[in-house]
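Colleague: everything below, folded, please.
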Amino acid sequence: MPLLDIVLHEPEIPNNTGNIGRTCVALGCALHLVGPLGFDTSEKACRRAGLDYWARLSPSFHLHLQSYLETRQSGRVWLFTTKASRYAGGVEFAPGDALIFGKETRGLPDDILARHADSLVTLPMVAGERSLNLATAVCAGAYLAIDQLVRRGLMRVTADGRLENVSDEARQ
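Modeller: Numbers count the residues shown, from 1 in each chain. Here you go, the predicted model:
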């Protein structure tokens, strides 16, 4: 089971999605792409873009966010948006949670934000700044979640700087 689900709602820029995919591989997270996508993900397009890790990623594709949500077995969803006031570092992430991000130009649609109002979180910025790059926001959100899991003893960082799951037996 992946550590976290990273969900991109209608991503538009292939380089952002490629960077996010690499982050997912490095962290043991699953990538879910909710359409429509603003680019081609065929094998030829990925090979031309140098996405040699894409086969290890095995992204999942969904027609709309609701179809993704219907596939979830467990975990909560956290929607990252500049329209929230709740700091993402202040929620308690858990293995299996989904971190959901909107498209580069507009973020998540207002109707989706309204349906999930209790799950909205933000990455704070100084006054006057409108948003972070999508790949940067995903990386920051994923590492916030992982840092919490490490601090709570659910994951550990090995002596060589690698992430490792901590089994239930080892935590006791």
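Colleague: so what's the gap between the top helix by length along the chain and the chain middle?
Modeller: In the chain, assigned by DSSP state H, the helix with the most residues is helix 134-151. Mean-position distance between helix 134-151 and its chain equals 8 Å (C-alpha atoms, centre = their mean, to the nearest Å).
Colleague: from the contact counts, what lies against it?
Modeller: Judged by 3 or more C-beta pairs under 8 Å, 6 or more residues apart in numbering; DSSP states H and E, the packing partners of helix 134-151 are strand 5-9, helix 14-27, strand 77-80, strand 98-101, strand 155-157. All C-beta atoms are positioned from the backbone trio N, CA, C, and that covers glycine.
Colleague: that helix: which residues count as buried?
Modeller: 134-135, 137-139, 141-142, 144-146, 148-149 (16 or more other C-beta atoms under 10 Å).
Colleague: taking those together, which two end up most distant?
Modeller: 134 and 149 (22.8 Å; C-beta to C-beta).
Colleague: and residue 85, how close does it get to residue 124?
Modeller: Using C-beta to C-beta, to the nearest Å, residue 85 is found at 9 Å from residue 124.
Colleague: again, but for residue 160
Modeller: With C-beta to C-beta as the criterion, residue 160 and residue 124 are 32 Å apart.
Colleague: now do residue 83
Modeller: Distance from residue 83 to residue 124, by C-beta to C-beta: 13 Å.
Colleague: try residue 131
Modeller: 12 Å.
Colleague: same check, this time on residue 36
Modeller: In terms of C-beta to C-beta, residue 36 sits 31 Å off from residue 124.
Colleague: what's near enough to touch the nearest residue in space to residue 64 that is not next to it in sequence?
Modeller: Leaving aside its sequence neighbours, residue 64 sits nearest to residue 34 (C-beta to C-beta, 6 or more residues apart in numbering; 6.3 Å). Taking C-beta atoms under 8 Å, 6 or more residues apart in numbering, we find residue 34 in contact with 7-10, 62-65, 67-68.
Colleague: what do you get for residue 148?
Modeller: 89, 92-93.
Colleague: top of those residues by neighbour count?
Modeller: The most crowded member of the contacts of residue 148, judged by other C-beta atoms under 10 Å, is residue 93 (25 neighbours).
Colleague: could I get the contacting residues of that one?
Modeller: 4, 78, 144-145, 148-149 are the contacts of residue 93 under C-beta under 8 Å, 6+ apart.
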